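# take a look and give me a structure for this.
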Amino acid sequence: MSVFEAIIQGIVQGLTEFLPVSSSGHLAITQHIMGNQGEENLFFNVMLHIGTLVAVVAFYHKLIYRLIKEFCFMVKDIFTGKFKWSEMNRDRNLIMMLIIGLLPLFLLFLPIPGTDMKIKDLADVFNQQAFLSVVAASLLVTSALLYAGIKANDVTTLRYKKKGILTKKGAGRHSFNVVDAVCVGLGQFAAAVFPGLSRSGTTLAIGELRGINKQTALDYTFVLAIPSIVAAALLETKDAISAPGGISIDILPVIIGMVTAAVVGYLSIVIFKWFLKTDKTIIFVIYTAAIGLIMLAVSIIEMYTRTNLFTGLPL
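Numbers count the residues shown, from 1 in each chain. Purely as a prediction, here's the structure:
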C-alpha cells in the first residue's frame, strides 16, 4: 500500500466513522475502487480504527474522565451496599445505560445453525464479496433510518412547543432508560453485521425515534463507540494475526493512515454535531441514498460483466 492510498483510506475512515454514512461501507467501496484486498488490508483497518478511537477519546476526554471517576465511586457503593438504582445521578445513569447498550453486541458471538460460523463472521462474508450489493442495500437502509429519525425529532419538537417546555437544549428527553439503551444496542449490533449500515446514524435515529433529545442521543452514540471500536479492533487484530502465511507490514503507510484517521475523525465529530444543531442532517439522508443507488447500479453492472468497473480486473 502506498502512502497516498493510506492517506485516502485514513480520510475515509476518519470521516465516515462518526458521520452517519458508514465507515465499513465506505472502506469497502474505497478498497473495491483501489483493488486493495488481502489480510494486510485487514490489519490496516485495525490501525485505522485505533486512529478514530484516539479522536473520540480526545473529543470527549472530560466526560470520559468524569465517567471513570463516577464508575469507581459506583463500584464502591455497590460493594458497601449504598448503591440505589432510583437515586443514580446523571453520570451514573449514563454509565449503566452504556453497559446495557453494549450487551446486545454479545449476540455477535452466537453460532449460526448449520454452519461453523458465528453471527459476527457474517460481516467478513459480506465484506469479502466481490460485489457491493449488500453495502449498497445497507446504505439505502441507513438513509431511511436517518430520515425517520429526523421526522421523529420534528414530532417531538412540535409536542414540546405545544406544551411550552422547549429549551435552548432542544426537545426530547435528556437521559436514557433501559428500553432506550437496549434498542440502541440492537441497532449497533445490526450495524456491526452489515457493512454500509451506519453505526452512528442507526443509533442516533433510534434514539430520536425513542424521543431522546438529538444532541443527547449523539453524545451517547459517540461515547458508546469507544468500547465498540476497541472490541472491533481486538477482533480484527486476532483475525489478522491468525491469518495463514502471516502479514507483510509497511509501517510508514500504517502510521500515516492512523494519524490521518485521528485528525479527520476529530473534525468529523465537530462537523456532525454542528449539522445536528443546525438541523442540516437531511444532507446525509440524500448522500447515503445517492451513494447507495450508485453502488447498486455498479453492482448490477459488475454482476453482468464479471469485471470490476474501476480496476478492469475480473471478479
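# what are the phi and psi values for Phe310?
Phe310 adopts backbone torsions of phi -90, psi -40, taken as degrees, to the nearest 10.
# ok, the closest residue to it other than its chain neighbours - how many residues close by?
Distances taken as C-beta to C-beta, 6 or more residues apart in numbering place Ile33 nearest to Phe310, at 4.4 Å, with adjacent residues excluded. In this view, the C-beta of every residue, glycine as well, is placed from N, C-alpha and C. Look at Ile33: counted by other C-beta atoms under 10 Å, it has 15 neighbours.
# I'd like the numbering to begin with 844 instead of 1 from here.
In the new numbering, first residue 844, that becomes Ile876.
# just how off-centre is the helix or strand harbouring Ile876 within its chain?
In this assignment (DSSP states H and E), Ile876 forms part of helix 866-877. Chain-centre distance of helix 866-877: 15 Å, with C-alpha atoms, centre = their mean, to the nearest Å.
# stretch 894-913 now?
16 Å.
# cool, stretch 970-981 as well?
17 Å.
# pull the CA atoms of that stretch into CSV?
C-alpha atoms of stretch 970-981 as CSV (Å, rounded to 0.1, in the frame of the first residue of the first chain):
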residue,chain,number,x,y,z
ASN,A,970,-17.0,-7.6,3.2
GLN,A,971,-15.3,-10.3,1.1
GLN,A,972,-18.0,-10.5,-1.5
ALA,A,973,-16.8,-9.4,-5.0
PHE,A,974,-19.9,-7.3,-5.5
LEU,A,975,-21.1,-4.4,-3.4
SER,A,976,-24.8,-5.3,-3.4
VAL,A,977,-25.0,-5.7,0.5
VAL,A,978,-23.2,-2.4,1.0
ALA,A,979,-25.5,-0.6,-1.4
ALA,A,980,-28.7,-2.0,0.2
SER,A,981,-27.4,-1.2,3.7
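# quick revisit: tell me what the helix holding Ile876 is packed against?
Contact here means 3 or more C-beta pairs under 8 Å, 6 or more residues apart in numbering; DSSP states H and E; on that basis helix 866-877 packs against helix 846-861, helix 882-902, helix 964-970, helix 976-1006.
# now the ones you listed as TSV including mean neighbour count?
Compiled in TSV, the helices and strands packed on helix 866-877 are given as follows (neighbours: other C-beta atoms under 10 Å):
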stretch	mean neighbour count
helix 846-861	22
helix 882-902	21
helix 964-970	17
helix 976-1006	20
